[in-house]
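Q: requesting a structural model of the entry that follows:
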Amino acid sequence: MMTVNGSFESTRNKNLLYTDPQLSIRTSVDGSVRLIGQIDLTNGDAIAGALNKAWTKSDAQDVDVAELRFIDLYGLRALALLSDSPVGHPIQLNNVRPALRKLLLLLDWPAFTMA
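A: Numbering: from 1, shown residues only. The predicted structure follows:
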């Protein structure tokens, strides 16, 4: 067993980057990540910290948000700030649900691109 952000996880979950009661972040071999759950004020900073550490070791900054059920503006802001450091270019969001796509189009943040 190992501890991941305060939760015990089996070492067989090597692709688990972060977990809390609301969200899990899983990594892929190519360095992309999958967000599963919810991001808000309570976990936005911790998630940004985990992604920042992962992305300094990887060339890929793709994020699969198909299983992201909720994200508030604080969570979006935390992700948007990652586009500057260490990434230096927009974060590619994949499998964006219609409601999130509409919000991102309204915000028109250059920090994100959508596939």
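Q: helices of the protein, residue ranges please.
A: 44-55, 73-81, 98-107 (DSSP state H).
Q: quick one, what contacts the residue nearest to the spatial centre of the chain?
A: Centroid-nearest residue in the chain: Leu35, 5.3 Å away (criterion: Cα atoms, centre = their mean). Taking Cβ atoms under 8 Å, 6 or more residues apart in numbering as the contact definition, Leu35 lies against 23-25, 63-65, 67-68. Yep, even glycine has a C-beta here, placed from its N, CA and C like the rest.
Q: please repeat the previous calculation with a cut-off of 6 Å.
A: 25, 65, 68 (Cβ atoms under 6 Å, 6 or more residues apart in numbering).
Q: Pro110: which of these is nearest?
A: Nearest to Pro110, judged by Cβ to Cβ, of these is Val65 at 17.8 Å.
Q: tell me the pLDDT of the closest one.
A: For Val65, the model assigns a pLDDT of 96.
Q: correct me, but it touches Leu93?
A: Yes: using Cβ atoms under 6 Å, Val65 is in contact with Leu93, at 5.4 Å.
Q: in the protein, which strand is the longest?
A: Determined from DSSP state E, the single longest strand within the chain is strand 62-71.
Q: rewinding a little: any chance of the helices of the chain in JSON lines, plus distance to Tyr18 and mean pLDDT?
A: Output for those, formatted as JSON lines (distance: least, Cβ to Cβ, whole Å; pLDDT from 0 to 100):
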{"stretch": "helix 44-55", "distance to Tyr18": "4", "mean pLDDT": "89"}
{"stretch": "helix 73-81", "distance to Tyr18": "12", "mean pLDDT": "92"}
{"stretch": "helix 98-107", "distance to Tyr18": "20", "mean pLDDT": "95"}
